[in-house]
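Undergrad: Pasting a predicted model and its sequence here:
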Amino acid sequence: MKNFDQSEDRFLKSRRFNQGISPVISSLLLVLIVLLMCGGFFIYATGWMGTNDLSALKPIKIEIENVSCGNHADDSVRFQNNILILKNSGGNAVPIDNVSLKIIGKGDAYQGIPGQNGKMVSGDIEILYTHLNISDKNPNYQKMNAEMLKDGYWSPGEKLILTGNDSKNSTVSSVFVGIDGNFSTSNNYGLAAGETIEITAFQTNPKNIQKIIFKNRFLIPKK
């Protein structure tokens, strides 16, 4: 009888212990579930915001303020005299560090190294400005764009002055120039007068997602 009483006592104690543990485990599981849900929501929210933060930006309006272009083959026009002045005429102020430009049209560039079997080539031209700050550009770029560069934003009313000689050099540059798809050039360029160019501006967010904020075509007048 005594053994039976002891067994019953152990059973009751074990049952009470398990009953005491169950609410604790339930509470821990509930906390864990809440944390997982919060973490999932945070990842979803930050991912959504990171993907769509650019979609909230209004497109900017760009106008050609002035243009002085011509193929380098014309002795009267040198790369540095190919000048394209773009004005932010409306919309947002955009940070120059994550705004890039693509210009396509007809033009020419120097292929190879000057004095070492290089040559001038002409055809379909593609010009890429990977950003608008002064890094890896010709020092004259800073002088001509001082107003825009002072606060790091291309604001409405401010001008962006581009020339065919903005590249720092052929190996270190934030300006890349290709002719007929071949980018082995000196990264300087001349634009053909009387031809249409297409300018596209992109803005890139920290997740490296690009959004087109401007795209338009312009006719370069003949001289």
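TA: Structure's in. What do you need?
Undergrad: Please report how far residue 102 lies from residue 153.
TA: According to CB to CB, to the nearest Å, residue 102 and residue 153 sit 20 Å apart. C-beta: built from backbone N, CA, C; applies to glycine.
Undergrad: er, residue 222 I mean
TA: Going from residue 222 to residue 153 by CB to CB gives 35 Å.
Undergrad: Between the two, which has more neighbouring residues?
TA: Using other CB atoms under 10 Å as the criterion, residue 222 and residue 153 rank with residue 153 on top: 18 against 9.
Undergrad: was I right about that one contacting residue 96?
TA: Yes: under the criterion of CB atoms under 8 Å, residue 153 makes contact with residue 96 at 6.6 Å.
Undergrad: quick check: domain ranges of the protein?
TA: As given by automatic domain parsing, the domain ranges for the chain are 2-52, 60-219.
Undergrad: Quick check: next helix or strand after the helix or strand harbouring residue 33?
TA: Using DSSP states H and E, residue 33 falls within helix 2-52. Note on helix 2-52: by DSSP H and E, the next helix or strand toward the C-terminus is strand 61-68.
Undergrad: ok, residues contacting the next helix or strand after that following strand?
TA: Past strand 61-68, further along toward the C-terminus, the next helix or strand under DSSP H and E is strand 83-90. For strand 83-90, contacts defined as CB atoms under 8 Å, 6 or more residues apart in numbering pick out 60-69, 94, 103, 154-163, 191, 199.
Undergrad: Now which of the residues you listed would you call buried?
TA: If you count burial by 16 or more other CB atoms under 10 Å, the buried members of these come out as 60, 62, 67-69, 94, 103, 154, 158-163, 191, 199.
Undergrad: from the residues you listed, which is closest to residue 33?
TA: Residue 33 lies nearest to residue 94 out of the buried ones among the contacts of strand 83-90, by CB to CB, at 43.2 Å.
Undergrad: which residues sit in contact with residue 126?
TA: For residue 126, the contact set (CB under 8 Å, 6+ apart) comprises 102-104, 177-178, 181.
Undergrad: Which of the residues you listed fall in strands?
TA: Among the contacts of residue 126, the ones falling in strands (DSSP state E) are 102-104, 177-178.
Undergrad: Neighbour-wise, give me the winner out of these.
TA: Among the ones in strands among the contacts of residue 126, residue 177 has the most neighbours (other CB under 10 Å), with 29 neighbours.
Undergrad: Pairing partners for that residue in the sheet, please.
TA: residue 127 (DSSP bridges).
Undergrad: do you know how far it is from residue 167?
TA: Residue 177 sits 7 Å away from residue 167, going by CB to CB.
Undergrad: Give me the common contacts of these two.
TA: Common contact partners of residue 177 and residue 167 (CB under 8 Å, 6+ apart): 186-188.
Undergrad: any idea which of the domains of the chain is most buried?
TA: Using mean count of other CB atoms under 10 Å, the stretch among those with the largest mean neighbour count is domain 60-219, at a mean of 17.
Undergrad: Good, we can wrap up now.
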